[in-house]
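Asks: test case, fold it:
(one chain, ligands or ions: 3)
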Amino acid sequence: MPKLYIETVGCQMNVLDSELVVAALRKEGYELTSDSAAADTVIFNTCSVREHAEEKIYSALGRLKNAKQSNPEKVIGVIGCMAQNHQRTVFERAPYVDLVVGPGQLHQVPELIRKVQQGSGQQLEVSLGRKDGSRENITRSHESFDPLRDPTMRPTPFQAYVRIQIGCDKFCTYCIVPSVRGPEQSRSPQHILAEARQLADEGCKEITLLGQTVNSYKYTEGETTTRFSDLITSLHDIEGIDRIKFVTNYPKDMTDDLLIAVRDLPKCCKYLHVPAQSGSDAQLKTMRRGYTVAEYREMLARTYEMIPNVAVTSDFIVGFSGETDEDFQMSMDLVRESRFKNSFIFKYSERPGTKGAQHMIDDVPDAVKRARNQEMLALQNEISEEDNQRFLGGKVEVLVEGLSKAAIKKEAELQNANEQITPSPSPSPQGGGEGHGMAPQGQQTQLTGRTMCDRIVVFDGNRRQVGETIDIAIYDANAHTLFGSVVTQHLTPELVTLS
Ligand code: SAH
Ligand code: SF4
Ligand code: F3S
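Replies: Ligands and ions are numbered 1, 2, ... in the order given. Below you'll find the model as predicted:
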């Protein structure tokens, strides 16, 4: 059986794309390996959102050069956003790469690998650029395929991503996504519902709906228009699905009908990722975000008022073109007053081809970007830790996702130690058996899970509980994690459930 090694960076869209590519290649007889040296085909699913993400891929490709020289049969593929962004440049910088495939052309991957193997040389398949034809043709060239799923490639077997929207039309001036993912298009509700039903049949309990501006979802067919709130209401009826999440929200499209749906649908996670990007009107204008800070504040106040205990998270860019100390302090003010559950903070990275790169100067020195990043992160961490304290002494409902990071590390160390004593013939992933250093099924271990408001909870439990929804009593908390113990009725009957 041919062996496939795949490495994925970037956002959840890429995680989903990798799942689909793996599903397609499994149908061709491939099996997955975690060892790139042993693989017949090595694929990197790439991201272009910041320069750092691209450079990491070129370094990883560099490390494969010798392997390719000693085994020319090895197929090396670069897929995803950087493939679309750099196109032939990938071949120029790494001439031993065999295929470059953009995110809108992933259905062609199996065929392209075959062509390489048959001696047809390097293969390039990308979608049309945003100025390379009529909107209809460009849109069609970015259509993705989502029917093939592979449960083993999911974050866990009971959690899955569902794409509801492709591309983006917002064209924020710093952002490469609209050019690499193409025009914004919403998928039909029938297709989305069918996919969610299929996932529920496969044992999936939680679905996360994906879109660059997921709440801008709208699908019109004849006389009927399906809004995002209508879609989540329909998905809510699917038996077996217990939790519905969605990312990422665009602040201007946080309409009341959506907030009401989130509030009233019990399966809908009370967690909203709504990036602000900046707290300065001047910056928001240069970024072309389409709202003012006052409008963002109004949206946030409305969200907190309508959905009790909702967790809101945000993204910020520091050091964008022209950002002064005053602009940055306005972003700090917004972080201080907004009580985000957490914020992802990025140093501006100029992206060739964007309006930001064409018309603005990347004039904030890197040292200043770094200092601002750290200052904002410290403030956000302080707030996150303070807010997590309110869970102390209460209980939360947790969907158990798997072993905690510490438990995974401990298991790997134990396995390594055992392999050094008795080399194991095959590194079998199923674990289990005594004498292999792995915790046997049913043994106590440290587990991790998430609350309905997306808080990470770590606790001692039984690995049989993975995939179950259980109550955890919280006794400690830091900025990122709640720590607790499994609630047993006879011991802790009086705890109050918090969310
Ligand atoms: N569609 C989502 C986010 C896509 S990219 C949205 O609109 O919110 C994820 C995050 O990366 C963005 O929210 C932004 O904070 C950050 N980002 C995008 N382009 C960037 C750039 N050129 N430099 C630094 N951060 C960037
Ligand atoms: Fe990029 Fe803006 Fe679109 Fe988000 S909304 S993907 S930040 S252009
Ligand atoms: Fe990166 Fe593409 Fe996602 S650029 S952030 S992987 S849409």
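Asks: can we go C-alpha only for contacts and neighbour counts from here?
Replies: Fine.
Asks: ok, now which ones touch the nearest residue to Val162 once chain neighbours are set aside?
Replies: Leaving aside its sequence neighbours, Val162 sits nearest to Leu209 (CA to CA, 6 or more residues apart in numbering; 4.9 Å). Leu209 makes contacts with 161-164, 244-247, as judged by CA atoms under 8 Å, 6 or more residues apart in numbering.
Asks: cool, and Leu61?
Replies: Taking CA under 8 Å, 6+ apart, one finds Ala94 in contact with Leu61.
Asks: let's see 6 Å
Replies: In this structure, Leu61 makes contact with no residue, judged by CA atoms under 6 Å, 6 or more residues apart in numbering.
Asks: with adjacent residues omitted, what lies nearest to Ala311?
Replies: Of all residues beyond its chain neighbours, the one nearest Ala311 is Tyr271 (4.7 Å), with distances taken as CA to CA, 6+ apart.
Asks: touching ligand 1 at all, stretch 369-377?
Replies: No. Using CA under 6 Å from any ligand atom, stretch 369-377 stays clear of ligand 1, coming no nearer than 10.6 Å.
Asks: in that stretch, what's buried?
Replies: Of all the residues in stretch 369-377, those buried under the rule 16 or more other CA atoms under 10 Å are 369, 372-373, 376-377.
Asks: go ahead and measure how far it is from the middle of the chain.
Replies: Relative to its chain's centre, stretch 369-377 lies at 23 Å (CA atoms, centre = their mean, to the nearest Å).
Asks: send the alpha carbons of it over as CSV?
Replies: Extracted in CSV, the C-alpha atoms of stretch 369-377 (Å, rounded to 0.1, in the frame of the first residue of the first chain):
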residue,chain,number,x,y,z
LYS,A,369,5.3,45.4,16.7
ARG,A,370,6.8,42.8,19.1
ALA,A,371,6.6,45.0,22.1
ARG,A,372,2.9,45.9,21.3
ASN,A,373,2.1,42.3,20.8
GLN,A,374,3.5,41.3,24.2
GLU,A,375,1.8,44.2,26.0
MET,A,376,-1.6,43.3,24.6
LEU,A,377,-1.1,39.6,25.2
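Asks: and the residue nearest to Val162, that one's in a strand?
Replies: Yes. With DSSP: H, G, I helix; E, B strand; the rest coil as the criterion, Leu209 is part of a strand.
Asks: what bridges to it?
Replies: Leu209 has the following beta-bridge partners by DSSP bridges: Val162, Phe246.
Asks: separation between it and Leu498?
Replies: Going from Leu209 to Leu498 by CA to CA, to the nearest Å gives 25 Å.
Asks: list phi and psi for the closest residue to ligand 3 within the stretch 251-400 of the chain.
Replies: Nearest residue of the stretch 251-400 of the chain to ligand 3: Arg351, at 10.5 Å (CA to the nearest ligand atom). The phi and psi values for Arg351, taken as degrees, to the nearest 10, are phi -110, psi 110.
Asks: next one: it from Met287, what distance?
Replies: Distance, Arg351 to Met287, using CA to CA: 13 Å.
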